[in-house]
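Student: Show me the folded form of this:
(one chain, ligands or ions: 1)
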Amino acid sequence: MQETPMTPPSAPVALVTGGSRGIGRAVVERLLTDGYDVSYCYRTRPEDADDVVKLAEDHGRRLYEAAVDVTDEQAVIAYLAKTAERLGPLDAVVTSAGIVHDSPLATMSAHAWHSVIETNLTGTYNVCRAAVFPMIKHARGTIVNISSVTGVYGNATQSNYAASKAGIIGFTKSLAKEVARFGIRANVVAPGLIATDMTDGMSDRARAKLLKQIPLGRIGSAAEVADAVSFLASERASYITGQVLQIDGGISQ
Ligand code: NDP
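Tutor: So this is what the prediction gives:
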């Protein structure tokens with residue numbers, strides 16, 4: 001756990017789960033350069049975490065990072081409270097922590113099912129549940145939950161993952177309706193195939209097959225997803241709530 005020295009608390013505050021790698025990491029970097037003070041979490045501190053500390057310092061932003069398992073409700077509550085204590089009330093929450101555990105349903109273990117649902121869906125609930133009351137109290141805030149095109153269209157061998165990601169969409173659309181009257185927005189970003197550790201292990205055959213289904217003909221970058229998150233979290237998206245923005249190179253089924 002590390003933090004940079006205090007600077008005047010004038011910037012908006014964002015919290016990102018799963019901010020150590022991949023899409024979450026790109027979001028952390030993007031929000032720091034956008035001018036947010038940022039809190040982010042992971043399970044294991046990555047070797048290059050000091051690069052993020054340096055980026056925050058270079059931009060004069062405050063940074064708070066912590067090892068927090070999003071499946072642990074009490075740890076999440078404590079993490080959000082600590083973030084508010086260090087950085088101030090949250091303006092933006094981005095839930096990017098997620099895992100895959102692929103298998104055909106016929107052979108899927110209970111562990112593969114429960115671990116994916118617990119991390120992706122219950123983890124999103126834990127974070128949004130802890131964030132929403134303070135946001136209501138301050139009558140401001142925006143939430144961006146990371147789903148997946150798999151949650152929209154389904155994908156063979158990913159029934160657990162698809163269920164978790166479709167759940168995030170229904171969850172966020174409902175939340176958006178609940179909190180709009182308090183001036184709070186909630187949206188979903190649903191990436192397609194994005195180059196991160198999560199997709200690194202994919203076989204060449206599976207990758208080639210998927211690429212054929214992508215009209216833009218290439219894998220997306222984490223920075224391209226972060227760009228969409230940055231937009232939805234910002235005032236530029238002030239009349240957008242309850243939406244699913246697909247960042248997927250045009251995949252439609
Ligand atoms: P990565 O595997 O690169 O990174 C996952 C991040 O989530 C890491 O920071 C990891 O931290 C964190 N994390 C995982 N489990 C937990 C947990 N229980 N508690 C806290 N943090 C956790 O994944 P991506 O960046 O590729 O994916 C990010 C999100 O985007 C996920 O929700 C994923 O489902 C979604 N997505 C990704 C796509 C892709 O093509 N890459 C496509 C569509 C959606 P640690 O290293 O410490 O475990």
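Student: what stretches of the protein score poorly on pLDDT?
Tutor: 1-9, 253 (pLDDT under 70).
Student: mind listing the helices in the chain by residue range?
Tutor: Using DSSP state H, the helices of the chain run over 22-34, 49-58, 73-87, 110-116, 123-138, 149-153, 159-179, 197-200, 204-212, 222-233.
Student: nearest to the ligand, of those helices?
Tutor: Between the ligand and these, the shortest gap by C-beta to the nearest ligand atom is with helix 22-34, which sits at 2.2 Å. Heads up, the C-betas are built off the backbone N, CA and C, glycines and all.
Student: between that closest one and helix 49-58, how many degrees?
Tutor: If you take axes from the mean of the first three to the mean of the last three C-alpha atoms, to 10 degrees, helix 22-34 sits at 20 degrees to helix 49-58.
Student: Quick check: buried residues in helix 22-34?
Tutor: Within helix 22-34, the residues scored as buried using 16 or more other C-beta atoms under 10 Å are 22-32, 34.
Student: Name the nearest of these relative to V144.
Tutor: The closest of those to V144 turns out to be V27 (C-beta to C-beta; 8.4 Å).
Student: And for the closest residue to that closest one other than its chain neighbours, the neighbour number?
Tutor: Nearest residue to V27, sequence neighbours excluded (C-beta to C-beta, 6 or more residues apart in numbering): A226, at 4.6 Å. Using other C-beta atoms under 10 Å, A226 is surrounded by 26 other residues.
Student: residues in contact with A226?
Tutor: Shown in contact with A226 (C-beta atoms under 8 Å, 6 or more residues apart in numbering): 23, 26-27, 29-30.
Student: tell me, which of those make contact with the ligand?
Tutor: Taking C-beta under 6 Å from any ligand atom as the test, the ligand is in contact with I23 out of those.
Student: Out of the helices of the chain, which one sits most buried?
Tutor: With neighbours taken as mean count of other C-beta atoms under 10 Å, those reach their highest mean count in helix 22-34, at a mean of 24.
Student: of the buried residues of helix 22-34, closest to M202?
Tutor: Set against M202, the nearest of the buried residues of helix 22-34 by C-beta to C-beta is G22 (13.8 Å).
Student: Just flag the most distant two among the buried residues of helix 22-34.
Tutor: G22 and D34 (18.7 Å).
Student: Show me which residues of this structure are close to the ligand?
Tutor: Within reach of the ligand by C-beta under 6 Å from any ligand atom, the chain has these residues: 17-18, 20-24, 41-44, 69-71, 96-99, 119-120, 123, 146, 148, 191, 193-194, 196-199.
Student: Filter those down to the ones in strands?
Tutor: Using DSSP state E, 17, 41-42, 146, 191 are the members of the residues of the chain next to the ligand that sit in strands.
Student: Tabulate those (TSV), appending distance to M135 and neighbour count.
Tutor: Formatted as TSV, those follow (distance: C-beta to C-beta, whole Å; neighbours: other C-beta atoms under 10 Å):
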residue	distance to M135	neighbour count
T17	16	28
C41	18	27
Y42	23	22
I146	18	26
P191	25	26
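Student: out of everything not next to it in sequence, what's closest to R45?
Tutor: Using C-beta to C-beta, 6+ apart, the nearest residue to R45 is A67, at 6.3 Å.
Student: Surely that neighbour and P46 touch.
Tutor: No. The pair A67 / P46 is not scored as a contact, 10.8 Å apart, by C-beta atoms under 8 Å.
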